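>>> Fold the following.
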Amino acid sequence: MMVIGLIGVLLAIALPRYGDYRDRMKVADAVRDIGVIAAKLSQYALDNRDFPDTLVQIGWTQADPWGNPYQYLAMAGANVGQKRKDRALHPLNSDFDLYSMGPDGRSVPPLTANASQDDIIRANDGAFIGKASDY
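Model prediction:
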């Protein structure tokens with residue numbers, strides 16, 4: 001009986017920690033992917049003197065760790081309403097916007113919205129890549 005109780009206690013401790021670990025690894029994968037995509041976009045812009053219209057043009061078709069497509073918007077020609085904004089409502093980037101919609105698969109342009117807090121974003125023209133809630 002003691003052994004069964006001990007196993008139950010260990011499982012109660014281990015399972016939530018494993019879930020947290022998996023969540024952190026998915027965020028780390030999204031951060032890495034955004035860094036790779038950003039480098040490919042920059043190389044494309046150097047070669048073609050402009051950013052592509054879609055991620056398919058750089059050969060990126062992979063979804064984020066939660067199964068959603070990465071979101072991309074070239075700032076040249078973008079409407080003000082399309083640009084993602086920080087808490088002061090300034091655009092996050094001047095070259096291109098690139099982000100994952102996070103685990104909930106929902107997002108809206110201002111980072112202050114609840115739907116955007118779990119997004120993995122690229123901000124300050126690549127100086128920051130991480131969770132929107134940490135920005």
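>>> When you work out contacts or count neighbours from here on, use the C-alpha atoms and nothing else.
OK.
>>> And the helices in this structure, which stretches?
Ranges of helices in the chain, per DSSP state H, are 2-48.
>>> Report the central residue of it.
residue 120 (2.5 Å; CA atoms, centre = their mean).
>>> That residue touches residue 132, doesn't it?
Yes. If you go by CA atoms under 8 Å, residue 120 and residue 132 touch, sitting 5.9 Å apart.
>>> what's the distance between residue 26 and residue 113?
Distance, residue 26 to residue 113, by CA to CA, to the nearest Å: 22 Å.
>>> So those two - more neighbours on which side?
Remark: of residue 26 and residue 113, residue 26 carries more neighbours, 16 against 11, as counted by other CA atoms under 10 Å.
>>> which residues does residue 111 contact?
Counting by CA atoms under 8 Å, 6 or more residues apart in numbering, residue 111 touches 84, 85, 86, 87, 117, 132, 133.
>>> coming back round to it: excluding covalently adjacent residues, which one is nearest to the residue nearest to the centre of the chain?
residue 131 (4.5 Å; CA to CA, 6 or more residues apart in numbering).
>>> Measure how buried the one you found is and give me the count.
Neighbours of residue 131 (other CA under 10 Å): 21.
>>> Please name the residues that touch it.
So residue 131 contacts 27, 117, 118, 119, 120, 121 (CA under 8 Å, 6+ apart).
>>> Can you tell me how far it is from residue 84?
Distance, residue 131 to residue 84, by CA to CA: 14 Å.
>>> Tell me the one among the contacts of residue 111 nearest to residue 59.
residue 84 (23.9 Å; CA to CA).
>>> Count the residues that sit near the closest one.
23.
>>> Do I have it right that it meets residue 94?
No. If you go by CA under 8 Å, residue 84 and residue 94 don't touch, sitting 10.6 Å apart.
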